[in-house]
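Q: Starting from these lines, generate the structure:
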Amino acid sequence: NLLLVVDNTFLSPYFQNPLTLGADVVVHSVTKYINGHSDVVMGVAVTNNEQFYGDLKFQQNCIGAVPSPFDCFLASRGVKTLALRMKAHMSNAIKVAEYLSTSPYVIKVMFPGLPSHPQHKLALRQQRGFSGMVSFQIKGDGSTAEEFLKSTKLFALAESLGGVESLIGYPCKMTHAALTPEAREALGITDTLIRVSVGIEDANDLIADLDQAFKTSCD
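A: Take a look at the predicted model:
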C-alpha cells in the first residue's frame, strides 16, 4: 500500500507514461522538456486517483502554487512541439552518445539508449524512446573536466536541461555541490563526471564542438 511517485521529467510524457505502469502520481518539471524553451519555471503533478487529485488541488490552492497566465501561455506554446522536439533530442543524443563511447578521451558513457547500458533492455520495455540526457566520465581529473567545460562553444554551461539549446553541466560543483565529497562519491558523482542536455541543433556541429573541446583540454 505504498504511494508510488515518479519524476518523469527526463523522459516527458512523449516517451513514458508512468501512470500506465502503476504509478500513483507523476511529477514533471514543466520548465524542462514539456516547455522546452528555457523560459518558464513551472511544475506539474499528474494522477488518475480522485482522492490524490483532491488532496493535491487543496494544497495547491492553500499555498498559492498557481502559475501566472503568461507562464501558462508559454508552456502551452512549448508543448505544441513536444513530439517534434523529443524526436530531435533522441536522435541527437544517440549520435552524441555513440561518438562519446568511441572517444579515447572518455572512460564511460551513461545513456540508456546505448545497447551497452546495463538497463537498456528495461528502458526498451517501458519507454517509447530516449531523451537528450547523456552523462560521461572524462579521462583525467577535475582540472581536466573544468578545462573541457571551458572549451565548448556550442554547449552552454548551465544546470538546467530539456531546452532546444544544448547545455553542459558539472554535477560535482553545480547540481550536487551541497553534498560532501563522500556523499557524491557514493552516488557516482565524481570530479570527472559531466552531464549533457543534448539540444536540437545539428548533431554534426555538436559532435565537432565536443571533439575540439576534448583536444583542447586533454591533449
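
Q: CA atoms for contacts and neighbours, from now on please.
A: Noted.

Q: what packs against the host helix or strand of residue 107?
A: Under the criterion of DSSP states H and E, residue 107 resides in strand 106-110. Contacts defined by 3 or more C-alpha pairs under 8 Å, 6 or more residues apart in numbering; DSSP states H and E place strand 106-110 against helix 82-102, strand 133-138.

Q: quick check: angle from the last one to strand 106-110?
A: Just to be clear, that refers to strand 133-138. Calculated by axes from the mean of the first three to the mean of the last three C-alpha atoms, to 10 degrees, strand 133-138 forms an angle of 160 degrees with strand 106-110.

Q: ok, strand 133-138: who's next to it in the sheet?
A: Paired with strand 133-138 in the same sheet, following DSSP bridges, are strand 106-110 (antiparallel), strand 193-197 (antiparallel).

Q: Which among those is found nearest to residue 132?
A: For residue 132, the closest of the strands paired with strand 133-138 is strand 193-197, at 5.5 Å, according to C-alpha to C-alpha.

Q: That closest one: how far from the chain's middle?
A: 9 Å (C-alpha atoms, centre = their mean, to the nearest Å).

Q: Can you dump the C-alpha atoms of the helix or strand following that strand in PDB for me?
A: With elements assigned by DSSP H and E, the helix or strand that comes after strand 193-197 is helix 203-218. C-alpha atoms of helix 203-218 as PDB (Å, rounded to 0.1, in the frame of the first residue of the first chain):
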ATOM      1  CA  ALA A 203      24.300  16.700 -34.500                       C
ATOM      2  CA  ASN A 204      27.500  17.000 -36.500                       C
ATOM      3  CA  ASP A 205      28.000  20.500 -35.100                       C
ATOM      4  CA  LEU A 206      27.600  19.300 -31.600                       C
ATOM      5  CA  ILE A 207      30.000  16.400 -32.100                       C
ATOM      6  CA  ALA A 208      32.500  18.700 -33.700                       C
ATOM      7  CA  ASP A 209      32.300  21.000 -30.700                       C
ATOM      8  CA  LEU A 210      32.800  18.200 -28.200                       C
ATOM      9  CA  ASP A 211      35.700  16.900 -30.300                       C
ATOM     10  CA  GLN A 212      37.600  20.200 -30.300                       C
ATOM     11  CA  ALA A 213      36.900  20.700 -26.600                       C
ATOM     12  CA  PHE A 214      38.500  17.200 -25.900                       C
ATOM     13  CA  LYS A 215      41.500  18.000 -28.000                       C
ATOM     14  CA  THR A 216      41.900  21.400 -26.300                       C
ATOM     15  CA  SER A 217      41.700  20.100 -22.800                       C
ATOM     16  CA  CYS A 218      43.100  16.600 -23.000                       C
END
